[in-house]
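K.L.:
Give me the fold of what follows.
(2 chains)
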Protein chains: 2
Amino acid sequence: MTVFDAKSIAIVGASREGNKVGHKILKNLISSYSGSIYPINPNASEILGIACYPNVKDIPNSVDMAVIAVPSKIVPSVLEDCGVKNVKTAVIISSGFKETGIEGAKLEKQCINIAKKYNMQIVGPNCFGVIDTDSGINTTFASQSPLKGNIGFMSQSGALCAAILDWASTEKVGFSKFISLGNKADLSENDFLQILYDDPNTKVILIYIEGLKDGQGFIKLTRRITKEKPVVVLKAGRTESGARAVASHTGTLAGSDNAYDAIFKQSGIIRVDSSEELFDYAMAFSYQPLPKGNRVAIITNAGGPGIIATDACEKKGLRLASFKRKTIDSLKENLPSAANIYNPVDVLGDATHERFASTLESLMNDSNVDSVLVLLTPQAMTDPIAVANTIAEISSKYKKPVLCSFMGGSAVVPGIDVLKENNIPNYSYPERAASSLMSMVIQKRITEQEYPNPKIFDVDKETVKKIFSSARSENRVNLGLEALDVLKAYGIPISKSIIVSNPKDAAKAADEIGYPVALKVVSPDILHKSDIGAVITNVKRDNIIKSYNQIINKTLKFMPKARILGVLVQEMVPDGVEIILGSTKDPQIGHLVMFGLGGIYVEILKDVSFGLAPLNEKIAESMISNIKAYSLLKGVRGEKPYDIDSISDSLLRVSQLVTDFPEIVEIDINPLKVFEKGKRCKAIDVRMILEVKK
Amino acid sequence: MTVFDAKSIAIVGASREGNKVGHKILKNLISSYSGSIYPINPNASEILGIACYPNVKDIPNSVDMAVIAVPSKIVPSVLEDCGVKNVKTAVIISSGFKETGIEGAKLEKQCINIAKKYNMQIVGPNCFGVIDTDSGINTTFASQSPLKGNIGFMSQSGALCAAILDWASTEKVGFSKFISLGNKADLSENDFLQILYDDPNTKVILIYIEGLKDGQGFIKLTRRITKEKPVVVLKAGRTESGARAVASHTGTLAGSDNAYDAIFKQSGIIRVDSSEELFDYAMAFSYQPLPKGNRVAIITNAGGPGIIATDACEKKGLRLASFKRKTIDSLKENLPSAANIYNPVDVLGDATHERFASTLESLMNDSNVDSVLVLLTPQAMTDPIAVANTIAEISSKYKKPVLCSFMGGSAVVPGIDVLKENNIPNYSYPERAASSLMSMVIQKRITEQEYPNPKIFDVDKETVKKIFSSARSENRVNLGLEALDVLKAYGIPISKSIIVSNPKDAAKAADEIGYPVALKVVSPDILHKSDIGAVITNVKRDNIIKSYNQIINKTLKFMPKARILGVLVQEMVPDGVEIILGSTKDPQIGHLVMFGLGGIYVEILKDVSFGLAPLNEKIAESMISNIKAYSLLKGVRGEKPYDIDSISDSLLRVSQLVTDFPEIVEIDINPLKVFEKGKRCKAIDVRMILEVKK
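P.N.:
Numbering: from 1, shown residues only, chains lettered A, B, ... in the order given. Next up is the predicted model:
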């Protein structure tokens, strides 16, 4: 049973006083809900003509939902009563919980425990309530009830709900369901997403959130939903990366906003930058069918706005449609000779609604046109109402989206009203219409998107387990050279490396690895080893001893206080491009995987991309092709391409590694040297940090 | 005498029929203008109670302005009559000129010639007319006359004018002057800019343009204006780069939009991306004083919108102010304990107008606060009208900008109306308020900006003249090695280079230059010389002959059809960073100067910056620091910085060169090798193209 199936509702805290929340909720409910309503108030026998009960437990019939609007301190005891009464859902309007500090958080925890005990679900606390225009459930104290419509809206901010209901009632925008999430103590965005997905009355889902409760669940769910219904999200608020020390590039660059971008992208969500866009896009999705593609036709009765719209369309990624011969002929026939019959079609300042009609009809019939944008400025000969009626009539005959921008004030408002009545979205400025249209094109592409399951590689999990437990047994979370072995166990090629502590062992190690080798001092205290001469490359057999001693001497000379853990003897790898590949764990969302070119690309240009594990091949490929320097990997100026497949492979293997071992907090493979196509790659150096066990 | 000083106006084409343009103009003029009005119509004795004349020449008194609304074909003869009558300004409303094609362009040219002959100025043709709310001049056929205000507006699109007048009258927005530029046959944006600058009634200037008539004049003028009045520009339409072959990096990257960005930036213009921003910013500038800096305080009665506003402010470049101790104490005293007294200040959902008042007063008194943003959502206890009145009252006492975002619909509209009446800008969404506030901060910075005169270097102009005229005499516009000498003459260090055509001369040249040298084949047909082995570096005396022959052989082998013009013997220059520095001429605007790092930075990352010549030191410096890879030049990871001063110096010298020799169409110094700080730079290769003389 979902929240909105409630057949009977109790209002705990129902009040006789008109300005009290508990009165307003009751009043809203009475006006729209046909189920049983039970006001709870120990000091009243009836309110608004309905019999009151002193306690939910006193209600003679069963109660599906309780709306609670009493001071926070008594909420737990009310919940206990509800539990005993077998109430399915408690909508807690009351504030004074987690949002107020430690005491409130305790109170909230208490409520959660009671709800669990009785298998009762909670909406809120600290929320504005929920509305279902279908069943008539309205547990809010809003002064306007929304019209019926196909927009499902949920918000983490109650005040935003109030503002939006007010705006929507003025603009005559309708909703299917309207949900204030509040503190999300129990039910969260994922629960309501499922409800809105299942709801036949909901065509588009709008969300305002400040954080996610379960990122992985959110992705799984929205991937499915967005193939059928557009989900438009305004994500506000920056979560702090917290006190965790961030030592690696991956950690530094993976701000939480990148994590959200990755989540949204991977699940087909349309993220907006502003509240205005949220509602602009909602209008488009609510009222119009999706376009087949990005080819737009523009009709305008004025040159300037036509140019503005053309600029905006192209900037957003739409393409001005090239009309078919037949269309051009028909436009030529129906429009005056001074008109521009190519796109944007200028029907001229003296255009009547007939001229708009014949033009729109031609364009709707052209299979090269995926959508039409109609611009209108107030002109002496132009009757905005007649034009609007014409647009409504013609557009209803076709399955192509038509969006409008009637520009101006009182002269065009009557026309805009006609558009609204006929479900044609209108935007005060052509740029907003273009943005909204592009969001529809993006949604069309999302519906066609596929989410293949991640490839599962055959890996040596046991070795990794052993390495980690051995590190744990030594109380180390910061892995050393063994991190390379972890990569190796997961099939990522590594350069052969051996740490030694005397010249003789260095020679032995080099014999084993094969000449020439590179020697590097191993010290946690030296950041840029080559700067002090503690790295020697291309060492041959005849000078291995000398080189070893040289490195130790240089280190002692320039960094006398540095701890020397040994000298690393490493295979010399051929020339290639250095990339950086890593993963960092976001406590709320999971493991972000990062990719970028090494050196200045990551350090200065921050040219990196992110994905959320588990990655599939498509995501890995788009992560690689999304960096600005991508063409470098493909080979510029006739240079041979690098082995991009091996990068993709490494990304997927790292993704599998952090999925198998969620205790990995950070991986930073820097560099992963990638050779030319077909010759794979090799991890040269890696940093790996495990979670501190609590 | 400017357009708006006209003391008497004739309307040629005045009509008795109410729906005719010539009637509407007369009616508008009668309703607002107190000067003499003379309708011209050979078939009427009076219209709207005013005596008609058959021809302007028949008017017994002097006539300052003629508004012409007759078919285009008879406009020239009307202009002749006006000239004879000594009319100062002709406002040509009629269309049918340049915008319709070749015939119309001829007609327009004819009009210009007549105007010149009589020293008469023309507004339009093909324009909507002009309005001056001070003198009452209104030559438009708009159905609404604008309110008096301090916004000066000019537009290259007449239809946009109509839409805006309609919008403004609905929104109660006032204008000082309102100008439709039309085809700009005579008077253009620069003329009206001067008028709006001189106009004491104009506080902010808005411009919609599709192209500039005189870019250099525009820069000169707007630099002066923007120090006193904000100039906000919406530039639409992409001008074609035309058929000119673009062979160099500079030419390819210097799209005309970059040119406009450079112009606007160098002249302190605020460029907007959309029509919505144009008017959002206009409200802010029109109604409120400029802030001292970017520290904003936010007051909100709801958490969510507070977070949205904070995000938007930070994204735009504003900083959330840190309040003074005194402010925090006073907020603590006046607000409930649950309120957030830090920025954004949350006065809570049950806030009365008194709570808004005490908070706003504290923040206005805090010298750490440069501006205040007030957010309001509809709440039971909150009276939007009372809050609006409170804001109006308090804000009038301080010289700090206050912007509002009352969010919602009919519940907040009465409050918004009060704000409007009191010149407090309100935005439906907090993001738009944040953008507008940031535009004010930018304007504040612009008023403090200085435009030093370009440094003039002592250069050898004569040598360049000789080189150019010698090339001209050979009918060459594409300069060869001599282009390096042009740079040298302008003080840009060049690497020594000599072209030779036999091994012996190669050795002689290398002796002169000094060893080692680089050898390169000279051929117009080979793009990537090193790919075929036709470049040999580090050539010493003992293998100069061999190297010469090797280059010729390789070229003959791999590119047997390539024309070989010789072999270039070039000085070997020390290691350094390769930059690219060039200039390209935009026919309308002048010489754009480009700067970027060489290689992949320019080819793949397009990390380049532009300025318009003549550059001054400030512009050159900001061009250098504006590229993303700038920190590379400053030295990363303890590396020594490169000689940035010499880059700036080279930019200024190139700027002087193209200013002195406007016939230069393109320069592409690629690479300019820049050495470490103090060691200057050297041009290795340069391409230079002169204009084809017509």
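
K.L.:
For A:Ser523, what are phi and psi?
P.N.:
phi -150, psi 130 (degrees, to the nearest 10).

K.L.:
Please list all residues in contact with the residue nearest to it when sequence neighbours are not counted.
P.N.:
Closest residue to A:Ser523 in three dimensions, ignoring its sequence neighbours and counting by C-beta to C-beta, 6 or more residues apart in numbering or on different chains: A:Ala562, at 4.8 Å. Quick note: C-beta positions are derived from backbone N, CA and C, even for glycine. A:Ala562 sits next to A:523, A:525-526, A:555 when contact means C-beta atoms under 8 Å, 6 or more residues apart in numbering or on different chains.

K.L.:
List the ones among those residues that fall in helices.
P.N.:
A:Thr555 (DSSP state H).

K.L.:
one step back: now the residue nearest to A:Ser523: how far from chain B?
P.N.:
A:Ala562 sits 17 Å away from chain B, going by C-beta to the nearest C-beta, to the nearest Å.

K.L.:
Now do the residue of the stretch 51-200 of chain A found nearest chain B, the pLDDT please.
P.N.:
Using C-beta to the nearest C-beta, A:Ser157 is the residue of the stretch 51-200 of chain A that sits closest to chain B, at 2.2 Å. According to the prediction, A:Ser157 has pLDDT 86.

K.L.:
buried residues in stretch A:299-315?
P.N.:
A:299-313 (16 or more other C-beta atoms under 10 Å in any protein chain shown).

K.L.:
now stretch A:640-657
P.N.:
Result for stretch A:640-657 [16+ other C-beta under 10 Å]: buried residues A:642-657.

K.L.:
A:Lys229 and A:Asp198 touch, don't they?
P.N.:
No - A:Lys229 is beyond contact range of A:Asp198, at 10.5 Å (criterion: C-beta atoms under 8 Å).

K.L.:
of these two, who's got more company?
P.N.:
Shown here are A:Lys229 and A:Asp198; by other C-beta atoms under 10 Å in any protein chain shown, A:Lys229 has more neighbours (21 against 10).

K.L.:
Skipping adjacent residues, who's closest to the more buried one in space?
P.N.:
Per C-beta to C-beta, 6+ apart, closest to A:Lys229 is A:Ile205, 5.8 Å.

K.L.:
Now the nearest residue to A:Cys127 once chain neighbours are set aside: which helix or strand?
P.N.:
Leaving out its chain neighbours, the residue that sits closest to A:Cys127 by C-beta to C-beta, 6+ apart is A:Gly182, at 2.7 Å. Following DSSP states H and E, there is no helix or strand that holds A:Gly182.

K.L.:
show me the contacts for A:Gly182.
P.N.:
Per C-beta under 8 Å, 6+ apart, neighbours of A:Gly182: A:92, A:123-128, A:156, A:158.

K.L.:
would you list these in JSON lines and tack on secondary structure, distance to A:Glu46 and neighbour count?
P.N.:
JSON lines is the format used below for the contacts of A:Gly182 (DSSP: H, G, I helix; E, B strand; the rest coil; distance: C-beta to C-beta, whole Å; neighbours: other C-beta atoms under 10 Å in any protein chain shown):
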{"residue": "A:Ile92", "secondary structure": "strand", "distance to A:Glu46": "25", "neighbour count": "30"}
{"residue": "A:Val123", "secondary structure": "strand", "distance to A:Glu46": "27", "neighbour count": "29"}
{"residue": "A:Gly124", "secondary structure": "coil", "distance to A:Glu46": "27", "neighbour count": "30"}
{"residue": "A:Pro125", "secondary structure": "coil", "distance to A:Glu46": "28", "neighbour count": "28"}
{"residue": "A:Asn126", "secondary structure": "coil", "distance to A:Glu46": "29", "neighbour count": "24"}
{"residue": "A:Cys127", "secondary structure": "coil", "distance to A:Glu46": "27", "neighbour count": "28"}
{"residue": "A:Phe128", "secondary structure": "coil", "distance to A:Glu46": "26", "neighbour count": "26"}
{"residue": "A:Gln156", "secondary structure": "coil", "distance to A:Glu46": "36", "neighbour count": "26"}
{"residue": "A:Gly158", "secondary structure": "helix", "distance to A:Glu46": "29", "neighbour count": "25"}
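
K.L.:
circling back: from the contacts of A:Ala562, which would you call buried?
P.N.:
Counted by 16+ other C-beta under 10 Å, the contacts of A:Ala562 give A:523, A:526, A:555 as buried.

K.L.:
Is it correct that the second one is in contact with A:Ile551?
P.N.:
No - taking C-beta under 8 Å as the contact criterion, A:Ile526 and A:Ile551 are not neighbours in contact, 11.0 Å apart.

K.L.:
joint contacts of the two?
P.N.:
In contact with both A:Ile526 and A:Ile551: A:Ala534, using C-beta under 8 Å, 6+ apart.
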